[in-house]
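[1] structure, please.
(4 chains)
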Number of protein chains: 4
Amino acid sequence: MPEDSRKRASRRLKIARGHLDAIVRMLDDPDAYCVDVLRQIKAVQGALSGAGEVVLRGHLEAHVATSHQRGDSIEIVEELMEALKYT
Amino acid sequence: MPEDSRKRASRRLKIARGHLDAIVRMLDDPDAYCVDVLRQIKAVQGALSGAGEVVLRGHLEAHVATSHQRGDSIEIVEELMEALKYT
Amino acid sequence: MPEDSRKRASRRLKIARGHLDAIVRMLDDPDAYCVDVLRQIKAVQGALSGAGEVVLRGHLEAHVATSHQRGDSIEIVEELMEALKYT
Amino acid sequence: MPEDSRKRASRRLKIARGHLDAIVRMLDDPDAYCVDVLRQIKAVQGALSGAGEVVLRGHLEAHVATSHQRGDSIEIVEELMEALKYT
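    Residues are numbered from 1 along each chain as shown, chains lettered A, B, ... in the order given. Reported below is the predicted structural model:
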C-alpha cells in the first residue's frame, strides 16, 4: 500500500476507534436513547467509508492503473470487484 | 433503550472495536495490501450495521410502536427518518 | 398505504423510470462512456431511495406507530426489519 | 465502453425498467401495502447495482488498468472516485 494512503487511513481509523469507544461508554448508561446511539453508529460507518476511500484511491493509482503493463489486470480487477461487493 | 438491545448492541460494538484495533495494527506493516485492508474495513462496517439493526429494532418496538398512544408519532417518526438518512 | 404517500411515491418512481429510459438510450451509443453511465445509474438509485423514504415514512406513521394499540407490534417490526435488510 | 459491458448493462437496465413499471402499477391500487412496495423498490435498486457493477468492471479493465501507460491515471482515478461517491 502506498505509504501516504497507509498513514492517512491509519489516522482516520484511529479517530473512528475513539468514536466507537465513546459509543460503548454511551451504552453503559441505562438511559441511553436509541436514536442518539443510531446516529453515532452511522457516523462511525461514515468515518470508515472515508478511510476505505483513501485505501481504494491508493489501490487504484498504485496497483490497478499499472496492471495492464504487468499483465495481471483481469486478476486485479476481479479481486477489487469482489472486495467492493462488501458495500 | 430497552435493556436487552443495549446489552446486545454493546457486545457487538466491542467486537467491532477489537476488529478495528486489528486493522490499525495491520496498517503498521509497510507491506499491508490495500484490498486486504479494504475487506477488513467493510467487515467492520457490516458489524456496525448489525449493531445498528439491534438498536433500530429496539427503538421501533419500544418507542415507535407506542407513539400513537402517547400522541407523539409525528415527532418520533421524523426523528427516526432523519437518523436513518445516514445510511 | 396512506393516499398521500402512495401518490408522492408514484410520482417519484415515474420520474426515476424516465431517467432509466434515458440511460437505456445512452447505452445504444457505442461511444457511451462508462463513468457517465455509472453516474446516471447512481442518480436513479438515489431517486429510488427518495421514493423508498416516502413509503417508509408513511408506513411508520400509519402502521408502526399504531401497532401497540392493535397488539401486533412484534410482527409489524419484524416485517419492517426484514424489508429494510435489502438496503 | 467495452461492447460486452454495454450490452449486458443495457439488458439488466431494461429488466429493472420493467420491474419499475410493475411498482408504478402496484401504486395505482389504493390497497397497496407499504412494505410490499418497499421490498420491490429495494429489489430494483439491487438490479441497478448489478448493472453498475457490470459497467464498473468494464471501466476498470478497459480504462483504469491501461491509464498508467497512457499517462492519465491520476485523472482517471479522480473521475472514478467521484462517480463512486454516489454509493
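
[2] how about the lengthiest helix in chain A, does it get close to chain C?
    Criterion DSSP state H: the longest helix present in chain A is helix A:34-59. No. No part of helix A:34-59 sits close enough to chain C to count as contact by Cβ under 8 Å from any Cβ of the partner chain; the gap is at least 11.9 Å. Just so you know, the C-beta spots here come from the backbone N, C-alpha and C atoms, and that holds for glycine as well.

[3] next SSE after that helix?
    helix A:67-70 (DSSP states H and E).

[4] returning to that earlier point: how about the longest helix of chain A: buried residues?
    Neighbour counts over helix A:34-59 (16 or more other Cβ atoms under 10 Å in any protein chain shown) mark A:34-35, A:37-42, A:44-45, A:47-59 as buried.

[5] kindly report the same for stretch A:10-20.
    Neighbour-count burial for stretch A:10-20 [16+ other Cβ under 10 Å]: A:10, A:12, A:13, A:16, A:17, A:19, A:20.

[6] hang on, the earlier thing: show me how far the longest helix of chain A is from its chain's centre.
    Distance of helix A:34-59 from the chain centroid (Cα atoms, centre = their mean, to the nearest Å) equals 7 Å.

[7] could you do stretch A:15-26 as well?
    That offset, for stretch A:15-26, works out to 16 Å (Cα atoms, centre = their mean).

[8] what's it in contact with?
    A:32, A:36-37, A:40-41, A:43-44, A:47-48, A:51, B:10, B:13-14, B:16-17, B:20-21, B:24 (Cβ atoms under 8 Å, 6 or more residues apart in numbering or on different chains).

[9] and chain A, which residues reach chain D?
    So chain A meets chain D at A:53, A:56-57, A:60-61, A:64-69, A:73-74, A:76-77, A:80-81, A:84, A:87 (Cβ under 8 Å from any Cβ).

[10] ChimeraX command to pick out the buried ones of these?
    To isolate the buried members of the residues of chain A next to chain D in ChimeraX, using 16+ other Cβ under 10 Å:
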select /A:53,56,57,60,61,64,65,66,67,68,73,76,77,80,84
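
[11] and the helix or strand where residue A:23 lies with helix B:3-26, angle?
    Applying DSSP H and E as the criterion places residue A:23 in helix A:3-26. Interaxial angle, helix A:3-26 versus helix B:3-26 (axes from the mean of the first three to the mean of the last three Cα atoms, to 10 degrees): 160 degrees.

[12] in JSON lines: the buried residues of stretch A:10-20, plus pLDDT.
    What follows is the buried residues of stretch A:10-20, written out as JSON lines (pLDDT from 0 to 100):
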{"residue": "A:10", "pLDDT": "98"}
{"residue": "A:12", "pLDDT": "98"}
{"residue": "A:13", "pLDDT": "98"}
{"residue": "A:16", "pLDDT": "97"}
{"residue": "A:17", "pLDDT": "97"}
{"residue": "A:19", "pLDDT": "97"}
{"residue": "A:20", "pLDDT": "98"}
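
[13] residue closest to the middle of chain A?
    Using Cα atoms, centre = their mean, the residue of chain A that lies closest to the mean C-alpha position is residue A:52, 2.9 Å off.

[14] skip the chain neighbours and tell me the closest residue to that one.
    Spatial nearest neighbour of residue A:52, excluding adjacent residues (Cβ to Cβ, 6 or more residues apart in numbering or on different chains): residue B:41 at 4.7 Å.

[15] roughly how far does the one you found sit from residue B:26?
    Distance of residue B:41 to residue B:26, given as Cβ to Cβ, to the nearest Å: 10 Å.

[16] grab the nearest non-local neighbour of residue A:66.
    residue D:68 is the one closest to residue A:66 (Cβ to Cβ, 6+ apart), at 4.5 Å.

[17] ok, the residue nearest to residue A:52 touching residue A:51?
    Yes. Contact criterion Cβ atoms under 8 Å: residue B:41 and residue A:51 qualify, at 5.9 Å.

[18] between these two, what contacts are shared?
    Contacts common to residue B:41 and residue A:51, judged by Cβ under 8 Å, 6+ apart, are residue A:13.

[19] coming back round to it: mind putting the buried residues of stretch A:10-20 into TSV with distance to residue B:6?
    Output for the buried residues of stretch A:10-20, formatted as TSV (distance: Cβ to Cβ, whole Å):
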residue	distance to residue B:6
A:10	31
A:12	28
A:13	26
A:16	21
A:17	21
A:19	18
A:20	16
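
[20] could you single out the nearest of the residues you listed to residue C:4?
    For those, the residue nearest residue C:4 by Cβ to Cβ is residue A:19; the value is 38.0 Å.

[21] ok, that closest one to residue D:85 distance?
    To residue D:85, residue A:19 is 22 Å away according to Cβ to Cβ.

[22] just residue A:50 next, same as before
    11 Å.

[23] and what of residue A:7?
    22 Å.

[24] and residue A:43, by the same measure?
    18 Å.

[25] was I right about residue A:32 contacting residue B:2?
    No. Using Cβ under 8 Å, residue A:32 is not in contact with residue B:2, being 10.5 Å away.

[26] just want to know which of the two has more residues nearby.
    Neighbours were counted for residue A:32 and for residue B:2 using other Cβ atoms under 10 Å in any protein chain shown; residue A:32 has more, 19 against 16.

[27] let me know the secondary structure of the more buried one.
    coil (DSSP: H, G, I helix; E, B strand; the rest coil).

[28] for it, what are its contacts?
    With Cβ under 8 Å, 6+ apart, residue A:32 has these contacts: A:26, B:1, B:6.

[29] fine by me, we can end here.
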